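# what's the 3D shape of this:
(one chain, ligands or ions: 1)
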Amino acid sequence: MSASDPLLRVAQFALAFRTETGLATVLDGVDLEVARGEILGLVGESGCGKSTLVRAILGLMPAGARVLGGRIEFGGQNLLDLDEAVLSRDIRAGRIGFIPQDPFQSFNPLFRVGSQMLEIMRWHAPPEIGRSRSAHRARLLELMERVRIPAPDTALKRFPHEFSGGQLQRLMIAAAIACKPDLVLADEPTSALDVTTQQQILALLEELAREMNTAVILVTHDLGLVAQYCDRVSVMYAGQTVESFSHKRMLEGVRHPYTRLLLDCHPDRAGALRGIPGIVPGIARMPPGCRFGPRCPAVLPICSTQRPKAEMLEADHSVQCWAVSGSIAARVPADA
Ligand SMILES: Nc1ncnc2c1ncn2[C@@H]1O[C@H](COP(=O)(O)OP(=O)(O)OP(=O)(O)O)[C@@H](O)[C@H]1O
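Numbering: from 1, shown residues only. Predicted coordinates for the structure are as follows:
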């Protein structure tokens, strides 16, 4: 791999879940890339498939899920070719760290946080950290200082319920980066926290990721947070990538009607987006053609029959939309 190659490249990834009416395509041709030291925002309304994609990258697909196509390349290796034993030993928690949505569900309430974090390190810490428990403990204490947990020595001996939500999420960040991962997947890591704590946590994650040259995928509903922390953005709608762009494009003008609507609405306290008429279709009821067509203010006749192809508008900007595409075919009514 050259230095400019992305660390993670998801290419045309498609995944189906078994439903009562048969297989339903939940992810359909998802494309995404993230390089070392880069923070990628993965955005879209609830139900667009962001968490499913994150779990698929971690190799945690639900029973009955079937990969229909595509690749998930990590460090040049297709993760879809690896079996569960390799993924759990070499990839998850070691090379790919995970920060989940709800810190209260992430730690086991029955065990002290220190023993839970040391257990992760026991199995996944790279050799440069050292193999002994005392080396792992020293690394944890150092990280706990960094994530501003008061009295780290005592904190290691405490149970999860003895911490606030913000403290637990800071501990989760420490746990996710303890083994010096190349990539951190953060799935709405601050949605359970108040706005001030949210800002502190994301600033901390950004600081540590930049310092360690770690790639980060930050899943969020909130384009305000994306504007603040992300270098690039990938927008998903109903299991498809609809637009990808750099931070600069976000400021200068995104093009997909869905992204523009997302920018105009703000998440409510529960993190849900309000303001885009209609709802994301369920996986068993996906419309043909462009999946956003039925809600789109710029819909064209072709949208209901043909899925738009990804088009590069600039080197740092791609979009899948007939209304944006320069293609003449897009202007011709579908029944012409
Ligand atoms: N195990 C499953 N079996 C069947 N359908 C599922 C399963 N898990 C998720 N889904 C469906 O897949 C779609 C994508 O869900 P997913 O949780 O990935 O979306 P999301 O964008 O992460 O939403 P949120 O922001 O609310 O977490 C939804 O329609 C959801 O109902």
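
# skip ahead from the least confident helix or strand in the chain by mean pLDDT and say which helix or strand is next.
The weakest-scoring helix or strand in the chain, judged by mean pLDDT, DSSP states H and E, is helix 103-106 (a mean of 81). Going down the chain from helix 103-106, the next helix or strand is helix 113-124, by DSSP states H and E.

# ok, back up a step: any residue of the least confident helix or strand of the chain up close to the ligand?
No. Using Cβ under 6 Å from any ligand atom, helix 103-106 never reaches the ligand; the gap is at least 13.6 Å. From N, CA and C alone the C-beta is placed, and that goes for glycine too.

# likewise for stretch 26-40?
Yes. Among the residues of stretch 26-40, Val26 lie within reach of the ligand under Cβ under 6 Å from any ligand atom.

# isn't Ile120 right up against Gly97?
No. Counting by Cβ atoms under 8 Å, Ile120 does not reach Gly97; the two are 9.4 Å apart.

# on that earlier part again, go through the least confident helix or strand of the chain and flag the buried ones.
Using 16 or more other Cβ atoms under 10 Å as the test for burial, helix 103-106 gives 103, 106.

# other SSEs contacting it?
On a contact count with 3 or more Cβ pairs under 8 Å, 6 or more residues apart in numbering; DSSP states H and E, helix 103-106 meets helix 165-177.

# show me which residues of the helix or strand just after the helix it packs on are buried.
Downstream of helix 165-177, the next assigned helix or strand under DSSP H and E is strand 183-187. Of all the residues in strand 183-187, those buried under the rule 16+ other Cβ under 10 Å are 183-187.

# and the longest helix seen in the chain, C-alpha only, in CSV?
Counting by DSSP state H, the longest helix found in the chain is helix 195-212. Taking C-alpha atoms only, helix 195-212 is exported to CSV below (Å, rounded to 0.1, in the frame of the first residue of the first chain):
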residue,chain,number,x,y,z
VAL,A,195,-24.5,19.1,24.4
THR,A,196,-21.6,20.3,26.5
THR,A,197,-20.3,16.8,27.2
GLN,A,198,-20.9,15.9,23.6
GLN,A,199,-18.5,18.7,22.5
GLN,A,200,-15.9,17.7,25.1
ILE,A,201,-16.0,14.0,24.0
LEU,A,202,-15.7,14.7,20.3
ALA,A,203,-12.9,17.3,20.8
LEU,A,204,-11.1,14.6,22.8
LEU,A,205,-11.6,11.9,20.2
GLU,A,206,-10.4,14.3,17.5
GLU,A,207,-7.3,15.3,19.5
LEU,A,208,-6.3,11.6,20.2
ALA,A,209,-7.1,10.5,16.7
ARG,A,210,-5.0,13.2,15.1
GLU,A,211,-2.1,12.6,17.5
MET,A,212,-2.1,8.8,16.8
